[in-house]
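# Let me see the structure of the following:
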Amino acid sequence: MTPGSRCAAAAALAVLLLLSTAHAEPRRIDNPAKPAGGARTVQAREAWRWGGDEENDPLLGRVADAEFGPDGNAYVLDSNLSVVHVLSPEGELLRTIGGEGDGPGEFRNSGELAFLPSGDLGILEMMPGRVVVISPTGEPRTSFRPAGTEGSMLAMPQHLEADADGIVLGLFYGTFGDGAMTTTLRLGRYAADGSLLASYREVSEQQDGHSLSFSSGQDGSEFISHWTLLPDGRVVVYADPASYTLEILDRDGAPQAEITRAYERLHYSDEEMDEQREQREAMRATYGIESDYELEEWHRDIHSVHARPDGSLWVATGRGRAARPEGSLGVFDVIDADGAFTHTLRVAGVDYDPDRDDYVLQGDRLLIFKESRMASPKMTTAGGGGSTMMMISGVNAPDDDDGEFRPMEVVCYRLDDDS
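Next up is the predicted model:
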């Protein structure tokens, strides 16, 4: 074969490979209702508690998120006080960084935090919508707004994660022009300056500019908030509340696999429906909301997904949460790195109430935020281009059945090695 013919053959092979990759269908993995490995239990052992000390009570508001840093410290985001509490591996308060405001290193309306590729902390700020960047010791860095949201007063980032190669962000934003507004939902990977590296999923809709509607649920728009990042940079999306489906996207956003399992949906009980109705009516009475509302009749098939260091996934289902044994975090489906439903896993030995508390899982550590779901409802407004948006977070009363307040508290657990 001549050099010219070898080059032509190589070029033809490259084209064939490119075409086959472009048209490759995602791998479909259908799992049965019951796993082959049965049920297992992992024990959580309390390491420390912070807050809730009546004699030496620290100033602690609503804990919205937390992450362990490379230094082993826990970085706890307090959305009410707009600060980050830095706790040692033994649970001692080392320092408090950040602060409420619009200046360097300051933020408000915060929702999540993550360690960025630079080693700095990124704090998700809703409306007008940006990522505030500070060092682990509190020095302000250059913050950024995601590409496309410049000038928008209605940018609402929903979920933030990061790895060594970039920042993955799901957000909703609106841009105005010619008396109309275009709303966009995007899940994408960003660089440290906010430029878009890859768009995983994006939907835009033009509205009249006088009112804003943002639907979520059956139409699949929840992809901006219901996803997680695997250690190798792939993204797991579980956007449809009525389907046990995990979509796996590669680093560039190409569909790689679709994982399902046979699952019977769980209807909310009459008592749960009554609680929903009471909460919605209380919100209407408090804020004068006149619009009608629809009650949710079914538990989400997949409530949350937690990526594990070995590439497996812990899936919290509606049934796993509803059947939570006392003193446990719940019963998770374990999906291995190959997409197989191998066993269920109960995380035992924890002080957790899903109606009042939130949690994060990171490696072999679990943080539970006591009473974080009991924060008083908070209303935030923002406007631009003749439109105004109102956001309400928190729907539960902050008092106990006997009228007594329970203390805010952060509890850290370590999980057994076989987790």
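# So the nearest residue to residue 417 once chain neighbours are set aside versus residue 330, what's the distance?
Using CB to CB, 6 or more residues apart in numbering and skipping residues adjacent in sequence, the residue nearest residue 417 is residue 364, 7.5 Å away. Placement of C-beta: from N, CA and C, glycine included. Using CB to CB, to the nearest Å, we find residue 364 at a distance of 18 Å from residue 330.
# which one of these two has more residues nearby?
Using other CB atoms under 10 Å, the more surrounded residue of residue 364 and residue 330 is residue 330, with 23 against 15.
# State the helix or strand in which that one lies.
strand 328-335 (DSSP states H and E).
# Return the set of buried residues in the helix or strand just after that strand.
The first helix or strand that comes after strand 328-335 along the chain, using DSSP H and E, is strand 341-348. By neighbour count with 16 or more other CB atoms under 10 Å, strand 341-348 contains the buried residues 341-347.
# do stretch 328-337 as well
Of all the residues in stretch 328-337, those buried under the rule 16+ other CB under 10 Å are 328-336.
# Name the residues that touch stretch 330-341?
With contact meaning CB atoms under 8 Å, 6 or more residues apart in numbering, stretch 330-341 is reached by 27, 29, 31-32, 35, 37, 39, 246, 248, 257, 259, 261, 306, 310-317, 320-321, 323-325, 342-347, 354.
# Now intersect the residues you listed with the strands, please.
Among the contacts of stretch 330-341, DSSP state E puts 27, 29, 31, 39, 246, 248, 257, 259, 261, 306, 313-317, 342-347 in strands.
# any chance you could map the helices in this protein?
Listed from the start of the chain, the chain has helices (DSSP state H) covering 3-22, 270-287, 318-322.
# Could you tell me the least trusted of the ones you listed?
For the helices of the chain, the weakest mean pLDDT is recorded on helix 3-22, namely a mean of 43.
# so where's the protein shaky on pLDDT?
Within the chain, the stretches with pLDDT under 70 are 1-23, 53-58, 208-220, 286-293, 375-405, 418-419.
# what angle separates the strand holding residue 330 from strand 341-348?
Calculated by axes from the mean of the first three to the mean of the last three CA atoms, to 10 degrees, strand 328-335 forms an angle of 170 degrees with strand 341-348.
# strands paired with strand 328-335, and their directions?
Applying DSSP bridges, strand 328-335 is found paired with strand 313-317 (antiparallel), strand 341-348 (antiparallel).
# wait, which of the ones you listed is closest to residue 161?
Shortest separation from residue 161 across the strands paired with strand 328-335 is recorded for strand 313-317, at 14.1 Å, computed as CB to CB.
# How about the closest one, which residues are buried there?
Buried positions in strand 313-317, judged by neighbour count with 16+ other CB under 10 Å: 313-317.
# Give me the contact list for that strand.
Residues contacting strand 313-317 (CB under 8 Å, 6+ apart): 228, 236, 244, 246, 263, 300-308, 330, 332-335, 345, 361.
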